[in-house]
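J.: this is the structure alone, sequence omitted:
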Ligand SMILES: Cc1cc2nc3c(=O)[nH]c(=O)nc-3n(C[C@H](O)[C@H](O)[C@H](O)COP(=O)(O)OP(=O)(O)OC[C@H]3O[C@@H](n4cnc5c(N)ncnc54)[C@H](O)[C@@H]3O)c2cc1C
């Protein structure tokens, strides 16, 4: 019997678990390792901050989902991954061996700016972030990608004065105009072209020659890989993400898969991780049955929905963009249906 180890309860593994709960995989003993028994759905996190959702409405109970899928849930955090020995070591020293493993451990925020680790609250892990977040009077956010912009408008809606620092907008031009106007309309002090260069106690934000103190600084910069992947023996890209083939198998170790932010695939977002999860579970089934694997085909026109604090949102698919309160209700319907699908899986 093959031992399959799922590491991390990200979007892709949530899809894997839901599929296994609906249609069990015989011939394998499956274990899931994740630090939290419940996973906050990132797309609803700004809505939790804005007060549109109670936290429990935005949570996927992965431990219960695992139970329904006949998957053993081990609460823990991988600290060492040894691809050659097919074994992981958790923070508490426990070792787990595997025949097949799949990594869906997400990413962390890039904390290379001096002082950012000590004086800023990182947006990931989401569970820690939401536990520690108290809506402050004056908050600064570093990083104006989709996450930073949504958080800025949600915090503004919750009553905070918000300053948003960013190097440059990562949005396509059509969307950038809409997001910039939405930020201005919401009353966010948006400072594009002004990256945070250092952080000091206070927290005091240093952006070039400018200094300003806040009650809280939130770190929401781009995705960075987990440092422990460096010692894994897996082939990584220049940034440190796991290089995979179209089948999501590691290019160096075919018995190891990677999906979501931790894989060297772009773009990185929950939407793409979900799509990879659907393929991943099929490929795990094929492998257990000694069948050929399928290839991942990214959707170049995936739907992006960005909430704007109030019940108002912006949508983009390819060249098409739109905004309005109807977009928010559309997003709300999609997000609730997504979270609800895990509670229903049986
Ligand atoms: C505020 C905000 C809003 C966002 N909104 C959207 C959105 O609307 N749509 C969208 O597509 N994307 C959105 N994103 C981006 C999205 O959150 C990430 O791209 C997505 O979470 C990546 O999913 P993933 O499946 O790779 O892993 P994640 O969903 O991040 O999950 C990673 C999992 O790995 C676990 N883990 C981490 N380290 C370890 C370890 N050492 N050992 C074991 N387990 C570990 C974690 O606990 C977690 O269970 C948003 C991000 C933010 C910050």
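T.: Structure received. Fair warning: this is a prediction, and the values are worked out from it, not measured in the lab.
J.: show me the contacts for residue 16.
T.: When contacts are counted by C-beta atoms under 8 Å, 6 or more residues apart in numbering, residue 16 is found next to 6, 102, 277, 280, 281, 284. Backbone N, C-alpha and C define where each C-beta goes, glycine included.
J.: turn the residues you listed into JSON lines, including secondary structure and pLDDT.
T.: JSON lines is the format used below for the contacts of residue 16 (DSSP: H, G, I helix; E, B strand; the rest coil; pLDDT from 0 to 100):
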{"residue": "6", "secondary structure": "strand", "pLDDT": "98"}
{"residue": "102", "secondary structure": "strand", "pLDDT": "98"}
{"residue": "277", "secondary structure": "helix", "pLDDT": "96"}
{"residue": "280", "secondary structure": "helix", "pLDDT": "97"}
{"residue": "281", "secondary structure": "helix", "pLDDT": "96"}
{"residue": "284", "secondary structure": "helix", "pLDDT": "94"}
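J.: which one of the residues you listed is nearest residue 211?
T.: Checking those against residue 211 by C-beta to C-beta gives residue 277 as the nearest, at 44.0 Å.
J.: surely that closest one and residue 13 touch.
T.: Yes - the pair residue 277 / residue 13 is scored as a contact, 6.6 Å apart, by C-beta atoms under 8 Å.
J.: picking up where we left off before, most surrounded residue in the contacts of residue 16?
T.: With neighbours taken as other C-beta atoms under 10 Å, the top of the contacts of residue 16 is residue 6, carrying 31 neighbours.
J.: and it, how close does it get to residue 146?
T.: Distance from residue 6 to residue 146, counting by C-beta to C-beta, to the nearest Å: 27 Å.
J.: show me what contacts the residue nearest to residue 289 when sequence neighbours are not counted?
T.: Spatial nearest neighbour of residue 289, excluding adjacent residues (C-beta to C-beta, 6 or more residues apart in numbering): residue 27 at 7.5 Å. Residue 27 is in contact with 1, 2, 288, 289, counting by C-beta under 8 Å, 6+ apart.
J.: now, those residues that are in strands?
T.: residue 2 (DSSP state E).
J.: number of nearby residues for whatever residue of the stretch 101-250 of the chain ends up closest to the ligand?
T.: Nearest residue of the stretch 101-250 of the chain to the ligand: residue 106, at 2.6 Å (C-beta to the nearest ligand atom). Residue 106 is flanked by 24 other residues according to other C-beta under 10 Å.
J.: what strand or helix carries it?
T.: Counting by DSSP states H and E, no helix or strand carries residue 106.
J.: and residue 271, by the same measure?
T.: helix 270-288.
J.: pull the residues that contact that helix.
T.: Counting by C-beta under 8 Å, 6+ apart, 2, 4, 10-16, 19-20, 25, 27-28, 41-43, 100, 102, 104, 247-249, 257, 259-261, 263, 265, 291-296, 298-299, 302-304 sit against helix 270-288.
J.: buried stuff in it?
T.: For helix 270-288, a neighbour-count test (16 or more other C-beta atoms under 10 Å) marks 270-281, 283-285, 287-288 as buried.
J.: and if you look at stretch 314-327?
T.: For stretch 314-327, the neighbour count (16+ other C-beta under 10 Å) marks 314, 315, 316, 321, 323, 327 as buried.
J.: equivalent analysis for stretch 44-60, please.
T.: Buried residues in stretch 44-60 (16+ other C-beta under 10 Å): 44, 45, 46, 47, 48, 49, 50, 52, 53, 58, 59, 60.
J.: cool, stretch 83-96 as well?
T.: So, applying 16+ other C-beta under 10 Å, buried residues of stretch 83-96: 83, 86, 88, 89, 90, 96.
J.: and for stretch 16-36?
T.: Buried-residue list, stretch 16-36, by 16+ other C-beta under 10 Å: 16-21, 25, 28, 30-36.
J.: restrict those residues to those that also contact the ligand, please.
T.: Restricting those to those near the ligand by C-beta under 6 Å from any ligand atom leaves 33, 34, 35, 36.
J.: what's the local residue count around the residue in the stretch 151-300 of the chain that the ligand sits nearest to?
T.: Using C-beta to the nearest ligand atom, residue 260 is the residue of the stretch 151-300 of the chain that sits closest to the ligand, at 2.3 Å. Residue 260 has 27 neighbouring residues, counting by other C-beta under 10 Å.
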